[in-house]
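no letters, just coordinates:
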C-alpha cells in the first residue's frame, strides 16, 4: 500500500506516519530524510540538491520530484510506503504521478487540523525546533494554505483523499487512519 500523509504543520504527520508504517509493514519516508540521504551518499541527484542548499535556496520542484521518485520506485514494488512531506504542491503531485509506475499513492490521508490547534501544538513542542517561533509558525501555516492545501482538492477529485480529524489524541487519530484505510 502506498499512503501519502498531508496536513498542516503540527497535524502529526511524522508521529502518525512512523506508527502507521510499522502497522502496515512498509517503509516510512519523510522527504527531508530522502533529500539528506541523497546528499550524504553523494549521488548525482544529491549533488544537485546540495547546490541549492549550499546557496540557501529552495530545491526546485523538478529536482525534489526526481529525488523522491528515485527513492520511492523500488519501495512501490516492495509492498509500498507511508510518505510524509511530499508532494507539497499540485505540480509536484502531477509530476510524481507521471514518473512512478502505478502512481504516487493508493490513498492520501488528510490530517485535518484547525490553525489555532496547529499553532498551540507547534508552540508547545518540546524538541526545540528553531522554526517554531510565532512568526515562523504563522508563515508555515500561510505557506501550507497557499501551496499544499490545494492538494486536498486535487486528490479529492481523483477519489483518493480520506479526511481524518487530527484534533484528537494520537491513538484516536491512528485508529481513524486505520479505519479509513480498511
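Perfect, I can see it now. What you are looking at is a predicted structure, and each value in this text was computed from that prediction instead of being measured. Numbering: from 1, shown residues only.

any idea how far the residue of the chain positioned farthest from its centre is from residue 49?
Outermost residue of the chain with respect to the C-alpha centroid, by C-alpha atoms, centre = their mean, is residue 55; its distance is 24.0 Å. Going from residue 55 to residue 49 by C-beta to C-beta, to the nearest Å gives 11 Å. In this view, the C-beta of every residue, glycine as well, is placed from N, C-alpha and C.

try residue 91
18 Å.

isn't residue 64 up against residue 95?
No. Proximity of residue 64 to residue 95 does not meet the contact threshold set by C-beta atoms under 8 Å, at 9.1 Å.

higher neighbour count, the two?
The residue with more neighbours, out of residue 64 and residue 95, is residue 64; 25 against 20, by other C-beta atoms under 10 Å.

what helix or strand is that one located in?
Assessed by DSSP states H and E, residue 64 sits inside helix 61-77.

in its sheet, what does whichever helix or strand comes after that helix sit against?
Downstream of helix 61-77, the first helix or strand assigned by DSSP H and E is strand 81-84. Note on strand 81-84: by DSSP bridges, its sheet partners are strand 2-7 (parallel), strand 27-30 (parallel).

starting at the chain centroid, how far to strand 81-84?
What separates the centre of strand 81-84 from the centre of its chain is 7 Å, taken as C-alpha atoms, centre = their mean, to the nearest Å.

ok, and what's touching that strand?
Contacts to strand 81-84, defined as C-beta atoms under 8 Å, 6 or more residues apart in numbering, come from residues 2-5, 13-14, 17, 20-21, 24, 26-31, 68, 72, 75, 104-105.

rerun that using 7 Å as the cut-off
2-5, 13-14, 17, 20-21, 24, 26-30, 72, 75 (C-beta atoms under 7 Å, 6 or more residues apart in numbering).

cool, thanks, signing off.
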